[in-house]
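Student: after the sequence you'll find the predicted model.
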Amino acid sequence: MRGHHLAVYNFGLHVDDYESPRVEGFRLREPLNFEAARRAEGYLGRSGYDGEPGPASWGEKVYPRFIRGSGFDDAPSSLSLWTGLEALMAFTYSGVHADALKHARNWNRRQAWPALVFWWVREGTRPVWADGAERLEHLHDNGPTPRAFTFKAPFCPDGDAIAVDRENVKAMAGRNAAGQEDLLAAARTLKA
């Protein structure tokens, strides 16, 4: 959307510690997913994690209330910016990321909250972790609204409901695939 970018936050809980053999399939795919996103059409950037190599963290990493009582101090989450819904959907449901989604039930706990949330920010604005945690809680508590929404019930920056252009998604996914063949081949050799 002209003048705006799509902010995306996702959050979940693993079935075991990050270094556990039970989560190895996720851990091994994580760098492939980050690289696939970097190569994807419409990707603008992501927050890194304090103390880890890679991009800088977009503020202090905080979590939604759903982490309480889980036994974890840290949880898989990401925060990124995209040009729009179609670009994000093309990345999410094709290629390396789609391959990881097929195996997610092996690594992640079943959750009673939304896995991800979207919201629009003005171009030049970078969201922070606290924004994502608050928006995910808002989506859980209120359902999709222009403030916090999903692919199933998207909104444009002015607050009107919109439809995802599925043909554009398909075209973008095809273009992305050409630049991810090596990553997808590597992902398919990994333990689920």
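Tutor: Thanks, I have it. Model, not experiment: these values are computed from the prediction.

Student: all contacts plus neighbour counts: C-alpha atoms, from now on.
Tutor: Fine.

Student: ok, which stretches of the protein are strands?
Tutor: Taking DSSP state E to define them, one finds strands in the chain at 4-11, 43-46, 77-82, 116-122.

Student: dead centre of this protein: give me the residue that sits there.
Tutor: For the chain, the residue nearest the mean C-alpha position is residue 10 (4.9 Å; Cα atoms, centre = their mean).

Student: circling back: let's have the strands of the chain in CSV, adding mean pLDDT.
Tutor: Converted to CSV, the strands of the chain look like this (pLDDT from 0 to 100):
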stretch, mean pLDDT
strand 4-11, 98
strand 43-46, 98
strand 77-82, 98
strand 116-122, 98
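
Student: can I get these in a markdown table including distance to residue 108?
Tutor: A markdown table is the format used below for the strands of the chain (distance: least, Cα to Cα, whole Å):
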| stretch | distance to residue 108 |
| --- | --- |
| strand 4-11 | 10 |
| strand 43-46 | 21 |
| strand 77-82 | 12 |
| strand 116-122 | 14 |
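
Student: which among the ones you listed is found nearest to residue 35?
Tutor: With Cα to Cα as the criterion, residue 35 lies closest to strand 43-46 of the strands of the chain, at 10.8 Å.

Student: what helices or strands is the longest helix seen in the chain leaning on?
Tutor: Looking across the chain with DSSP state H, the single longest helix is helix 24-39. Counting contacts by 3 or more Cα pairs under 8 Å, 6 or more residues apart in numbering; DSSP states H and E, helix 24-39 packs against strand 43-46, helix 95-107, helix 181-187.

Student: could you redo the last one with a cut-off of 10 Å?
Tutor: Packing partners of helix 24-39 (3 or more Cα pairs under 10 Å, 6 or more residues apart in numbering; DSSP states H and E): strand 43-46, helix 85-92, helix 95-107, helix 166-178, helix 181-187.

Student: out of these, deepest packed?
Tutor: helix 85-92 (a mean of 23; mean count of other Cα atoms under 10 Å).

Student: now do that one: which elements does it pack against?
Tutor: Here helix 85-92 touches strand 4-11, helix 24-39, strand 43-46, strand 77-82, helix 95-107, helix 166-178, going by 3+ Cα pairs under 10 Å, 6+ apart.

Student: please report how far the closest residue to the residue nearest to the centre of the chain other than its chain neighbours lies from residue 134.
Tutor: Nearest non-adjacent residue to residue 10, counting by Cα to Cα, 6 or more residues apart in numbering: residue 116, 4.0 Å away. The gap separating residue 116 from residue 134 is 12 Å, by Cα to Cα, to the nearest Å.
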